[in-house]
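Participant: Please find the sequence and the predicted model below.
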Amino acid sequence: MTIKKTASAHWSGGLKDGKGTISTQSGALKDQPYGFNTRFEETHGTNPEELIGAAHAGCFTMALSLILGEAGFTATALDTKATVSLDRQDDGFAITKIHLDLTGTVPGADQAKFEELAGKAKAGCPVSKLFRAEITLSARLV
């Protein structure tokens, strides 16, 4: 079974003076502004790193819920903050790491078990696996 979801981006202008919008199939984001200033400065709008962080935090937390359930636990609260690091390198910028900061309330679990199951979720969530995925491209000039 393959599930496909879409998101889109529109851009016009140069890097620093240009503006773009990002939208998702579900409508959760619709023409959300992004640009140089939202990525490298503190201007209102979103940016790719923030969206990757949200996707990773959400996916990991959902995966952990599944893994906890398989181990006989039910969380009353799981809160994950993803910090995505964008660093300048010799050949431009690169996302160099993502840190997941998890706080959970899981009745019956001890710290060691919680860490073990969280590690499984980190390794197994689809967004974690994305960073090892094949990326394909089709490009059409109009």
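Facilitator: Nice, thanks for sending it over. Only a predicted model underlies this, so the values are computations on that prediction, with no experimental measurement involved.
Participant: quick one: low-confidence parts of this structure?
Facilitator: Counting by pLDDT under 70, the chain has low-confidence residues at 133, 141.
Participant: how about the helices in it?
Facilitator: Counting by DSSP state H, the chain forms helices over residues 36-40, 48-70, 111-124, 126-130, given from the N-terminal end onward.
Participant: what sits up against the second one?
Facilitator: What it means is helix 48-70. Counting by C-beta atoms under 8 Å, 6 or more residues apart in numbering, helix 48-70 makes contact with 22, 34, 39, 74-75, 78-84, 86, 95, 98, 100, 102, 104, 106, 109, 117-118, 120-122, 124-128, all of which sit outside it. Bear in mind the C-beta positions are built from the backbone N, C-alpha and C, glycine included.
Participant: now the residues you listed: which count as buried?
Facilitator: Buried by 16 or more other C-beta atoms under 10 Å: 22, 34, 39, 75, 78, 80, 82, 84, 98, 100, 102, 104, 106, 109, 117-118, 120-122, 125, 127-128, out of the contacts of helix 48-70.
Participant: what's the spacing between Ala63 and Pro126?
Facilitator: Going from Ala63 to Pro126 by C-beta to C-beta, to the nearest Å gives 8 Å.
Participant: one step back: JSON lines for the helices of the chain, including distance to Ser138?
Facilitator: Listed next are these as JSON lines, based on distance: least, C-beta to C-beta, whole Å:
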{"stretch": "helix 36-40", "distance to Ser138": "25"}
{"stretch": "helix 48-70", "distance to Ser138": "20"}
{"stretch": "helix 111-124", "distance to Ser138": "30"}
{"stretch": "helix 126-130", "distance to Ser138": "19"}
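Participant: Which stretch among the ones you listed is buried most, on average?
Facilitator: Each of the helices of the chain was scored by mean neighbour count; the highest is helix 48-70, a mean of 18, by mean count of other C-beta atoms under 10 Å.
Participant: residues making contact with stretch 29-41?
Facilitator: Counting contacts by C-beta under 8 Å, 6+ apart, the residues outside stretch 29-41 that touch it are 7, 9, 15-16, 18-24, 43-49, 86.
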